[in-house]
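Build the 3D model from these lines:
(2 chains)
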2 protein chains.
Amino acid sequence: MLNNTVRLKQRPYGFTDKNTWNISEEDLPELKDNEFLVKVNYISLDPAMRGWLDDVKSYLPPVQIGEVMRAGNTGEVVKSNNPKFKVGAKVMGWFGVQSYAVSEGKQVLDISQFGLPEEKFLSVLGMTGYTAYFGLLDVGLPKSGETIVVSGAAGAVGSIVGQIAKLKGLTVIGIAGGKEKCDHVVNDLGFDTCIDYKGMDVMKKIYEHTPKGVDIYFDNVGGEILDAILTRINKRARVVICGAISQYNATSRPSGPKNYLSLLVNRARMEGFIVLDYADRYQAAAMEMAQWMAEGKIKSFEHMEEGLENFPEIFNRLFSGEKRGKLVLKV
Amino acid sequence: MLNNTVRLKQRPYGFTDKNTWNISEEDLPELKDNEFLVKVNYISLDPAMRGWLDDVKSYLPPVQIGEVMRAGNTGEVVKSNNPKFKVGAKVMGWFGVQSYAVSEGKQVLDISQFGLPEEKFLSVLGMTGYTAYFGLLDVGLPKSGETIVVSGAAGAVGSIVGQIAKLKGLTVIGIAGGKEKCDHVVNDLGFDTCIDYKGMDVMKKIYEHTPKGVDIYFDNVGGEILDAILTRINKRARVVICGAISQYNATSRPSGPKNYLSLLVNRARMEGFIVLDYADRYQAAAMEMAQWMAEGKIKSFEHMEEGLENFPEIFNRLFSGEKRGKLVLKV
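Next up is the predicted model:
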């Protein structure tokens, strides 16, 4: 049996391209005691993966040259020397960008019991959903009646943040690129409104749509939009730094938020978080989110692409905006 | 009786100069019921005053053209129609940059009872001390064994922050301009060490002096030092934004902290505060600080200048660094 793998060939400068990756066919090793073989069905594509390619100290070690690219996945156990993971079990774990993976079960969850489509465990019921859940509830500290602005509103995390905020009684304003996405954010996801950042006068629109100011800004993009929102924050506002997708491929050091002193005059807070810190509460979050989904209060959208060989091209779609919801690659 | 006043003549662009102010002699009005007349003895000079000159929405309304410049003061009641404030009482309040002020007692505290030098109520036992106290304890949340870096370490607020942090069992690293100030910070104030930002290789020095990283950064200066410290923060660090003295006279929009994404990977927080929010706890803070002073655990240094007519020149000394400790103008 052969394994198709995508390994890091050379570190990118700016955007990744074909030279970043080495795609090849490899023999699979024999299973040792306690190991099992997973046939990978879906690969989660996340902006954070770009950060793992840079050789800098961060919350996870960088992917090394020659290593299989790190990714979250779902798949099926097809061979097993591990009594806990039987052949036929559906599993979720960090299997990487490859068609098969050998595992001992570390950080692997059996998802067979839930009877839900696998890809949901890479979006709302997986890391993406947890990121939205803990970032909003634990860092954003939403209170009913407040106003939240969510950038990347049509994206994987932002779309869920806005829906949970709506559930919690907030006025929810999205920011997304293009009319089509903005319509989706309002009509399908139920945000109160959505600002098209690709249009003219973004600053003016932000001003018009936040007559009562901004209590929470959930930032997925960084850059100029972060700076603009800082001029609109209320007293004791919380700026949740979830990501800065506008900066991840920058080849020069990006400019910082010029209006950060607004934090001072407004006694406000800007705070980052990493979802991995909340691992002991993943299950509780997943159960609550599953309940909300069952009640129709939260919808999740996956943007599905296919073919491991297309990974290099599809990966950059995370940053070009050509997607809606969670980007998932079917192997 | 004549009153010498310093009124705002025109709003400054960048640094204030003689054209910013109108110094004149004026007649004092007759006292009405409940009013009393204060002979102003000391004027508190604070970097925040520069912000009050700009016509922008902030935590206090801007000083209007023609108004007496706002300032914190101490003085003595010399005439009174108010039974609560008798002639001879020493008082602390917002009397402004003038030699006499009429008050009804709003936000005025009788400090006669304490028997301490008046100027202490403009430094460690006044707003300056409260700023250090609440900024460090309520926003910085110090824990014994942690490392704190304090910029503006020889300044009014920074000098007190470091001493309280030392009391609380932290390793305290100051940043100040010049060898003389750094010696003062270590020898007189008891900081563990002090980095001279005017020397060469500030970044290298910061790196060398923070082998265990930085848990709290108490920022009085902003600019490049804030950016440098962001590269050294630990997991769950707190960056307390107290001020940005390097930016207050900027005529172009200052650059923001380029390394703000360090907040994300370190799950850290950058938070501003305004001391006025803690008014209901001023007295408790003053009593604790007075106790620490009595025990010799906290020292306060005032840099005294004299003459209301020198206000325009002395005011800019807040930003030139030519002072040590709290800058106070004796009328």
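
From now on I want contacts and neighbour counts done on CA atoms only, so please keep to that.
Will do.

how about the residue of the stretch 101-250 of chain A found nearest chain B, what does it touch?
Residue nearest to chain B within the stretch 101-250 of chain A: A:Ile241 (6.1 Å; C-alpha to the nearest C-alpha). The contact partners of A:Ile241, by C-alpha atoms under 8 Å, 6 or more residues apart in numbering or on different chains, come to A:Phe218, A:Asp219, A:Asn220, A:Met270, A:Glu271, A:Gly272, A:Phe273, B:Leu261, B:Leu263, B:Leu264.

Name the nearest residue to it, sequence neighbours excluded.
Once flanking residues are discounted, A:Ile241 sits nearest to A:Gly272: 4.6 Å by C-alpha to C-alpha, 6 or more residues apart in numbering or on different chains.

Next, count neighbours for that neighbour.
24 (other C-alpha atoms under 10 Å in any protein chain shown).

And the one 5 residues further on, by the same measure?
When counting by other C-alpha under 10 Å, one arrives at 11 neighbours for A:Asp277.

ok so it is a helix residue?
Yes. When classified by DSSP: H, G, I helix; E, B strand; the rest coil, A:Asp277 is found to be part of a helix.

could you check the distance from A:Gly256 over to B:Ile314?
When C-alpha to C-alpha, to the nearest Å is applied, the distance between A:Gly256 and B:Ile314 equals 33 Å.

same question, A:Ile274
According to C-alpha to C-alpha, A:Ile274 and B:Ile314 sit 47 Å apart.

the more surrounded of these two?
The residue with more neighbours, out of A:Ile274 and B:Ile314 and counting by other C-alpha under 10 Å, is B:Ile314; that gives 21 against 18.

Make sure I have this right: that one is in a helix.
Yes. The assignment for B:Ile314 (three-state DSSP) places it in a helix.

Now do the SS call for the nearest residue to it once chain neighbours are set aside.
Ranked by C-alpha to C-alpha, 6+ apart and with sequence neighbours excluded, the top spatial neighbour of B:Ile314 is B:Glu305, at 7.6 Å. Assigned with three-state DSSP, B:Glu305 falls in the strand class.

can you check A:Asn19 too?
Secondary structure, three-state DSSP: A:Asn19 is helix.

That one: what's it in contact with?
A:Asn19 makes contact with A:Lys9, A:Gln10 under the criterion C-alpha under 8 Å, 6+ apart.

Look up how far A:Lys326 lies from the most centrally placed residue in chain A.
Central residue check for chain A by C-alpha atoms, centre = their mean: the C-alpha nearest the mean position is that of A:Thr128, 4.4 Å away. For A:Thr128, the distance to A:Lys326 under the criterion C-alpha to C-alpha works out to 8 Å.

How about A:Ala279?
In this structure, A:Ala279 lies at 21 Å from A:Lys326, with C-alpha to C-alpha as the measure.

Comparing these two, which residue is more hemmed in?
Neighbours per residue (other C-alpha under 10 Å) separate A:Ala279 from A:Lys326, with A:Lys326 holding more: 27 against 13.

ok, the more buried one to chain B distance?
Taking C-alpha to the nearest C-alpha, to the nearest Å as the measure, A:Lys326 and chain B are separated by 21 Å.

ok so, going back, just how off-centre is the helix or strand where the residue nearest to the centre of chain A lies within its chain?
Element membership for A:Thr128 (DSSP states H and E) is helix A:127-134. Here the centre of helix A:127-134 is set off from its chain's centre by 8 Å, with C-alpha atoms, centre = their mean, to the nearest Å.

Next secondary structure after it?
Using DSSP H and E, the helix or strand that follows helix A:127-134 in sequence is strand A:147-151.

sorry, back to before: how close does the residue nearest to B:Ile314 get to B:Ile216?
Applying C-alpha to C-alpha, the value for B:Glu305 to B:Ile216 is 33 Å.

Please apply the same query to A:Ser24.
A:Ser24 sits at a distance of 48 Å from B:Ile216 (criterion: C-alpha to C-alpha).

quick one, which of the two is more surrounded?
Looking at A:Ser24 and B:Ile216 with other C-alpha under 10 Å, you find the greater number of neighbours at B:Ile216, namely 30 against 13.

which neighbours does the helix or strand harbouring that one have in its sheet, and in what orientation?
With the criterion set as DSSP H and E, the secondary-structure element containing B:Ile216 is strand B:214-219. Next to strand B:214-219 in the sheet, as set by DSSP bridges, lie strand B:147-151 (parallel), strand B:233-241 (parallel).

what about the longest one, distance to the chain center?
Relative to its parent chain, strand B:233-241 has a centroid offset of 22 Å by C-alpha atoms, centre = their mean.

Kindly report the same for stretch A:12-24.
Average the C-alpha atoms of stretch A:12-24, do the same for its chain, and the two points are 21 Å apart (C-alpha atoms, centre = their mean).

need the helices for chain A, in chain order.
Using DSSP state H, the helices assigned to chain A run over residues A:48-51, A:127-134, A:156-167, A:179-187, A:202-209, A:223-230, A:262-265, A:282-294, A:311-315, A:317-320.

Quick one: closest of these to B:Ala294.
B:Ala294 lies closest, by C-alpha to C-alpha, to one member of the helices of chain A: helix A:262-265, at 32.2 Å.

just to revisit the earlier point, going by distance to A:Glu119, which of the contacts of A:Ile241 wins?
For the contacts of A:Ile241, with A:Glu119 as the reference and C-alpha to C-alpha as the criterion, the closest is A:Asn220, at 22.0 Å.

got the contact list for the closest one?
In this structure, A:Asn220 makes contact with A:Val150, A:Ser151, A:Gly152, A:Gly158, A:Ile241, A:Cys242, A:Gly243, A:Ala244, A:Ile245, judged by C-alpha under 8 Å, 6+ apart.

Distance-wise, check the fifth one relative to B:Met1.
Plainly put, A:Ile241 is 58 Å away from B:Met1 if you go by C-alpha to C-alpha.

which residues touch the residue in the stretch 51-200 of chain A that chain B sits nearest to?
Minimum separation of the stretch 51-200 of chain A from chain B (C-alpha to the nearest C-alpha) falls at A:Tyr59, amounting to 5.7 Å. Counting by C-alpha under 8 Å, 6+ apart, A:Tyr59 touches A:Ile274, B:Val265, B:Asn266.

re the thing from before, please work out which of the helices of chain A is packed deepest.
Highest mean neighbour count of these: helix A:156-167, a mean of 26 (counted as mean count of other C-alpha atoms under 10 Å in any protein chain shown).

what's in contact with that one?
With contact meaning C-alpha under 8 Å, 6+ apart, helix A:156-167 is reached by A:123-124, A:128-129, A:131-133, A:136, A:142, A:148, A:150-153, A:171-174, A:185, A:189-191, A:218, A:220, A:297-302, A:324-327.

which parts of chain A sit against chain B?
Residues of chain A lying near chain B by C-alpha under 8 Å from any C-alpha of the partner chain: A:58-59, A:241-244, A:253-261, A:263-274.

Buried among the residues you listed? Make that a ChimeraX selection.
Listed next is the ChimeraX selection for buried residues among the residues of chain A next to chain B, using 16 or more other C-alpha atoms under 10 Å in any protein chain shown:
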select /A:241,242,243,244,254,255,256,257,258,259,260,261,263,264,265,266,267,268,269,270,271,272,273,274
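
just to revisit the earlier point, the inter-axis angle of the strand holding B:Ile216 versus helix B:202-209?
Here strand B:214-219 points in a direction 140 degrees away from that of helix B:202-209 (axes from the mean of the first three to the mean of the last three C-alpha atoms, to 10 degrees).

Strand B:214-219: which residues count as buried?
For strand B:214-219, the buried set under the neighbour-count rule, 16+ other C-alpha under 10 Å, comprises B:Val214, B:Asp215, B:Ile216, B:Tyr217, B:Phe218, B:Asp219.

Quick one: residues in contact with that strand.
Where contact means C-alpha under 8 Å, 6+ apart, the residues beyond strand B:214-219 that reach it are B:136, B:140, B:142, B:146-152, B:158, B:226, B:229, B:232-244.
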